[in-house]
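Colleague: Predicted model and sequence follow; I will ask about them next.
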Amino acid sequence: MSLDPDLLADRRRLRRRLTLWRGLALLAIFGAIAFVVASRAPEGLPGVQHVLRLPVSGVITEDRRVLEVLDRAATDDNVRAVIVSIDSPGGTMAGGESLHAALARIAARKPVVAVMGATAASAGYMIALPAQRVFAREATVTGSIGVLLQTVELSQLLERWGIRPQVIASGPLKDQPSLFRPLTEEGRAALERVINDLQAQFVAMVAAGRHMDVERVRPLADGRVMTGRQALEAGLIDAIGGEREARTWLAAEREVPASLPLRDIETRSRAERLLSSVTESVTKSLLSEWLGVDAPRAVWQPPR
């Protein structure tokens, strides 16, 4: 016995409507629970002794929430050590400096180890410098000690198109560099002074972090990248290895048991984490219901 098409369509619409309201109700309930938990439970790092891991990937910029967690970790007795797990090609000078400073504050109180992944170059290398021990894979791309400023100048192209930009600046260097006119000699000299000062800061960080003379660092700070093996030979890292070797070193040299749990830094509040988990669960539930009702399917069925 087959159902009337209109009746079948009504049943499907009703089923979808019930599923939607069921999901919204669950979301509201768990949202209220998250609010209560967040308002009553104190924020902070977990209350069990552990090793804290800071994953750093992609472009490095200044992240206020990460810096706050690191500053709490510096004074939290439950954090026995910090592992900085790096897979980054670099980032802004200020972003690297802020992480470098936060990790240096921790290193003054407890062990910090850096573990380099596929890439830890430029600012990605900078943030490894406060660590008491730096590990890298033999194939890690690292180094690239240097600072750059890139721009583009389109004056000839704009002239060809008949476009004449009008710029009003408070001084001759205010629009340097500019898209609309070439760098002047004065402008280039001013920007080179900025880059050279930033480079001197970077070189000083390397010299302090690697316990090397500045004169020894300068030849290495020409922007070149190195493999992990080359960096080891140059003194820019301490050993070849990964997280396993880092835990072994912490246990042998800093008496941080390898049995301690490893926990990633979490910058979201408890409410955010709970709400995210609930939203993900509800979304999966709704998707499952939808697929079970009348979703299109790519299924081959043999002819009858």
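Modeller: Looks like it came in fine. Residues are numbered from 1 along each chain as shown.
Colleague: Tell me which residues touch Arg210, please.
Modeller: Leu129, Val217, Gly235, Leu236 (C-beta atoms under 8 Å, 6 or more residues apart in numbering). In short, each C-beta sits where N, CA and C put it, glycine included.
Colleague: By neighbours, which of those wins?
Modeller: For these, neighbours were counted using other C-beta atoms under 10 Å, and Leu236 has the most, 24 neighbours in all.
Colleague: how about that one, secondary structure?
Modeller: Here Leu236 is recorded as coil under DSSP: H, G, I helix; E, B strand; the rest coil.
Colleague: Tabulate the CA atom coordinates of the helix or strand harbouring Ala114 in CSV.
Modeller: Using DSSP states H and E, Ala114 falls within strand 112-121. Below are the C-alpha coordinates for strand 112-121, written out as CSV (Å, rounded to 0.1, in the frame of the first residue of the first chain):
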residue,chain,number,x,y,z
VAL,A,112,60.7,25.7,28.4
VAL,A,113,61.5,23.4,25.4
ALA,A,114,61.0,24.3,21.7
VAL,A,115,60.1,21.6,19.2
MET,A,116,60.3,22.6,15.5
GLY,A,117,58.1,20.9,12.9
ALA,A,118,58.2,21.3,9.2
THR,A,119,59.0,25.0,9.4
ALA,A,120,60.2,27.3,12.1
ALA,A,121,61.6,30.3,10.2
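Colleague: JSON lines for the contacts of Arg210, including pLDDT and distance to Arg247?
Modeller: Below are the contacts of Arg210 laid out as JSON lines (pLDDT from 0 to 100; distance: C-beta to C-beta, whole Å):
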{"residue": "Leu129", "pLDDT": "98", "distance to Arg247": "21"}
{"residue": "Val217", "pLDDT": "97", "distance to Arg247": "29"}
{"residue": "Gly235", "pLDDT": "97", "distance to Arg247": "24"}
{"residue": "Leu236", "pLDDT": "97", "distance to Arg247": "22"}
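Colleague: which residues of the stretch 1-150 of the chain fall in helices?
Modeller: 5-40, 64-75, 93-107, 123-126 (DSSP state H, counting those that start in this stretch).
Colleague: Pass me the low-pLDDT residue ranges in the chain, would you?
Modeller: Scanning the chain for pLDDT under 70 picks out 1-46, 267-304.
Colleague: any idea how it splits into domains?
Modeller: Split into domains by automatic domain parsing, the chain comes to 5-43+269-293, 45-144+224-266, 146-217.
Colleague: Comparing those domains, which comes out most buried?
Modeller: Of all these, domain 45-144+224-266 has the most neighbours on average by mean count of other C-beta atoms under 10 Å, namely a mean of 19.
Colleague: can you give me the strands in this protein?
Modeller: In the chain, the segments counted as strands under DSSP state E are 50-60, 79-91, 112-121, 133-136, 141-143, 225-227, 239-240, 262-264.
Colleague: how about these, which one is nearest Ala189?
Modeller: Taking C-beta to C-beta, strand 79-91 is the member of the strands of the chain nearest to Ala189, at 25.5 Å.
Colleague: What strands line up against the closest one, and which way round?
Modeller: When pairs are called by DSSP bridges, strand 79-91 turns out to pair with strand 50-60 (parallel), strand 112-121 (parallel).
Colleague: Put together JSON lines for the ones you listed, with distance to Gly209 on each row.
Modeller: As requested, the strands paired with strand 79-91 are exported to JSON lines (distance: least, C-beta to C-beta, whole Å):
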{"stretch": "strand 50-60", "distance to Gly209": "16"}
{"stretch": "strand 112-121", "distance to Gly209": "10"}
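Colleague: that older thread, now the angle from the strand holding Ala114 to helix 93-107?
Modeller: 160 degrees (axes from the mean of the first three to the mean of the last three C-alpha atoms, to 10 degrees).
Colleague: what comes into contact with strand 112-121?
Modeller: Residues outside strand 112-121 that contact it (C-beta under 8 Å, 6+ apart) are 81-90, 103, 106, 124, 127-128, 130-137, 139-144, 225, 228, 237, 241-243, 246, 249-250.
Colleague: Might one say that Arg53 is in contact with Leu262?
Modeller: Yes - here Arg53 lies in contact with Leu262, judged by C-beta atoms under 8 Å, at a distance of 5.6 Å.
Colleague: where's Leu158 relative to Leu191, distance?
Modeller: The gap separating Leu158 from Leu191 is 22 Å, by C-beta to C-beta, to the nearest Å.
Colleague: do Val203 as well
Modeller: Counting by C-beta to C-beta, the separation of Val203 from Leu191 is 19 Å.
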